[in-house]
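# Next come a sequence and a model predicted from it.
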Amino acid sequence: MVYYTEETPGVNKRLVAGYYLFLCLIGFAVLLGPTGSGIPITVISDRVRDAHELATPNMEDGLSCLDGGCHNPTWNYWNQTEHAGHGVWLNETTGNITVYGHRERTYEEFNATCAQCHAIGWTPERNVTDWPNTHDGFGTNCLTCHDTSSPYYSVNGSVCADCHVHEGHGGLPGYSESAHANSLTDLRGSSHAGSDCMHCMSVEGFLDQDAELDPEGDYNGLTCPACHSVHDANSTNDYQIRAVNTTTLCGYCHNGARHPQYTIQQGGAHGLTGVVQCTDCHGFRQGYYGSEMDHSFSVEPEDACGQTTDASSCHAGNEAWAINQLEEITSSYDALVTDFETEAAAFETIVMDYNATADADYELVDYVLGVVDDASSTVGLYGYDGSSGFHDPLGTFDALNGAFRDLLEAEAYFYENMPEPTTTPPPPGGFDTLILVGGAAGGIVVGLLLGVLVGRRR
């Protein structure tokens, strides 16, 4: 940079002044841009939009926008999916249509029932008996989901719902009542909503893990595009989910201290098989068209435990035994957690009453309450899992019994080390009561554990 001074020889003042004036004008043009400078500036998004409008797909095949060098990788993958029209066959001899292995329909029946989702360019106005005029092709094309102008596509799932709304077509019945559909509403109703939560509670956050999204912003809850990708080459499965299998997909969000389902399930018998996926239980239904997915993700044991597939069989023929195992595990879990919480609450009351006395040993109080907090955190972790012990029965009961043991040992340590009071009577109940309650609780723990183990050997 050349700065002008009186001592600088050979510098043309007018040239330097003109140079800086030119820089200032450029700066103002950049700052003001198209809002007030009067200098026409073409925004990239406008050029992209114009290009798409000029290249509007030929509705005969809907693929002209994918020709050439623009979207070839996308086209190559999408052309292998069900959306591309595979699975719809025209009988050239009879003129009848077969869709995905269902019964053959006349063209009139196809127009009245299936064409609105399985044909390109179909509208009610074109629903005439002269079949070449009813639509432009089978399957879908780019314009089924995309617009030619910004925002080009929507992630609110409405386009998916236009077709995937009835039995045998993706299981959308039940989705509106699911936790996924209500994820954003539930988050906003909580006291701990934050930007990090949006990565699992909104489709925009899930698709862009680096985004900083306001929980109160104008975003969508978990809709279809969060889990499914229509033309992502990384989706190597029939359902085009964004992972190698549903368990991995669920594990993207269902992990951590507050939602540890994936971590706990992986240590259980089903997880250790390596083949049982989350959706083999959650949302599995036997429907009119065979097995199908209910996106409420609730569990129907009769369907899930007794399912039989081409590759394997779960507990087919032994559904009653499997369901009985589930009921024994969950009832034992609930009883054990109730006993722990009752015992912990009673002990904390005793300790806090002692803490209020003049002769209290505060270090002793802090120690035993710390042990109780740690034990309660362990129990809380499996509570957040939500399966009542079923995701990993042995691991769950081992951890809960360990937490109960720590609680009882903290009680014993407290009474052994509590100094004799000089001005106040001993806490209500005393050590004799602790022995009685602790012994009863310990017996319950051992009995429950034995019951579960015996049940596992049946």
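Now that the structure is in, tell me what you want to look at.

# And the strands in the stretch 101-250 of the chain?
Per DSSP state E, counting those that start in this stretch, the stretch 101-250 of the chain carries strands over the ranges 119-120, 137-138.

# and the ones you listed as TSV, adding distance to Asp398 and mean neighbour count?
C-beta: built from backbone N, CA, C; applies to glycine. As requested, the strands of the stretch 101-250 of the chain are exported to TSV (distance: least, Cβ to Cβ, whole Å; neighbours: other Cβ atoms under 10 Å):
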stretch	distance to Asp398	mean neighbour count
strand 119-120	57	22
strand 137-138	56	18
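
# I'd like the ones you listed laid out as TSV, including distance to Glu319 and mean pLDDT.
Putting the strands of the stretch 101-250 of the chain into TSV (distance: least, Cβ to Cβ, whole Å; pLDDT from 0 to 100) gives the following:
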stretch	distance to Glu319	mean pLDDT
strand 119-120	41	84
strand 137-138	40	82
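
# Any idea which of those strands gets closest to Asn182?
Evaluated with Cβ to Cβ, the strands of the stretch 101-250 of the chain place strand 119-120 nearest to Asn182, the distance being 33.9 Å.

# Each with direction, which strands does that closest one pair with?
Under the criterion DSSP bridges, strand 119-120 sits next to strand 137-138 (antiparallel) in its sheet.

# so which of the strands of the stretch 101-250 of the chain gets nearest Ser298?
For the strands of the stretch 101-250 of the chain, the distance to Ser298 is smallest for strand 119-120, at 33.9 Å, taking Cβ to Cβ.

# before we move on, back to that, okay if I get the strands of the stretch 101-250 of the chain as JSON lines plus distance to Ile97?
As requested, the strands of the stretch 101-250 of the chain are exported to JSON lines (distance: least, Cβ to Cβ, whole Å):
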{"stretch": "strand 119-120", "distance to Ile97": "9"}
{"stretch": "strand 137-138", "distance to Ile97": "8"}
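
# Give me the helices and strands touching the longest helix seen in the chain, please.
Looking only at the chain and at elements set by DSSP state H, the helix with the highest residue count is helix 319-355. When contacts are defined as 3 or more Cβ pairs under 8 Å, 6 or more residues apart in numbering; DSSP states H and E, helix 319-355 packs onto helix 301-305, helix 362-385, helix 393-417, helix 430-456.

# buried residues in that helix?
For helix 319-355, the buried set under the neighbour-count rule, 16 or more other Cβ atoms under 10 Å, comprises 319, 322-323, 325-326, 328-329, 332-333, 336-337, 339-340, 343-344, 347, 350-351, 354.

# Could you pull up the mean pLDDT of that helix?
For helix 319-355, mean pLDDT is 96.

# tilt between that helix and helix 362-385?
In terms of direction (axes from the mean of the first three to the mean of the last three Cα atoms, to 10 degrees), helix 319-355 departs from helix 362-385 by 160 degrees.

# what's the spacing between Leu203 and Val368?
Careful, residue 203 is Val and not Leu. For Val203, the distance to Val368 (Cβ to Cβ, to the nearest Å) stands at 47 Å.

# pretty sure Thr74 contacts His146?
No - counting by Cβ atoms under 8 Å, Thr74 does not reach His146; the two are 10.8 Å apart.

# quick one on the thing from earlier: I'd like to know which of the strands of the stretch 101-250 of the chain lies nearest to Arg188.
So among the strands of the stretch 101-250 of the chain, strand 119-120 is nearest, using Cβ to Cβ, at 39.4 Å.

# For the stretch 151-300 of the chain, give me the ranges with low pLDDT.
The model of the stretch 151-300 of the chain has pLDDT under 70 over residues 151, 166-173, 232-237, 288-289.

# redo that, cut-off 50
Filtered on pLDDT under 50, the stretch 151-300 of the chain yields no residues whatsoever.

# where exactly do the helices run in it?
158-163, 183-188, 198-201, 203-207, 224-227, 246-251, 261-266, 269-273 (DSSP state H, counting those that start in this stretch).

# Now tabulate the ones you listed in JSON lines and tack on mean neighbour count and distance to Asp398.
Shown next, in JSON lines, are the helices of the stretch 151-300 of the chain (neighbours: other Cβ atoms under 10 Å; distance: least, Cβ to Cβ, whole Å):
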{"stretch": "helix 158-163", "mean neighbour count": "15", "distance to Asp398": "43"}
{"stretch": "helix 183-188", "mean neighbour count": "17", "distance to Asp398": "32"}
{"stretch": "helix 198-201", "mean neighbour count": "22", "distance to Asp398": "29"}
{"stretch": "helix 203-207", "mean neighbour count": "20", "distance to Asp398": "34"}
{"stretch": "helix 224-227", "mean neighbour count": "22", "distance to Asp398": "33"}
{"stretch": "helix 246-251", "mean neighbour count": "19", "distance to Asp398": "22"}
{"stretch": "helix 261-266", "mean neighbour count": "21", "distance to Asp398": "12"}
{"stretch": "helix 269-273", "mean neighbour count": "14", "distance to Asp398": "14"}
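
# Output those in CSV; the columns should cover distance to Thr98.
Shown next, in CSV, are the helices of the stretch 151-300 of the chain (distance: least, Cβ to Cβ, whole Å):
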stretch, distance to Thr98
helix 158-163, 18
helix 183-188, 39
helix 198-201, 41
helix 203-207, 35
helix 224-227, 26
helix 246-251, 29
helix 261-266, 40
helix 269-273, 37
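
# The ones you listed: which one's closest to Ala358?
helix 261-266 (45.8 Å).

# pretty sure Glu348 is touching Leu369, no?
Yes - in this structure Glu348 lies within contact range of Leu369 using Cβ under 8 Å: 7.0 Å.

# and the closest residue in space to Gln116 that isn't next to it in sequence, what is it in contact with?
Excluding the flanking residues, the one nearest Gln116 by Cβ to Cβ, 6 or more residues apart in numbering is Trp122, at 5.5 Å. Trp122 makes contact with Asn111, Ala115, Gln116, Thr134, His135, according to Cβ atoms under 8 Å, 6 or more residues apart in numbering.
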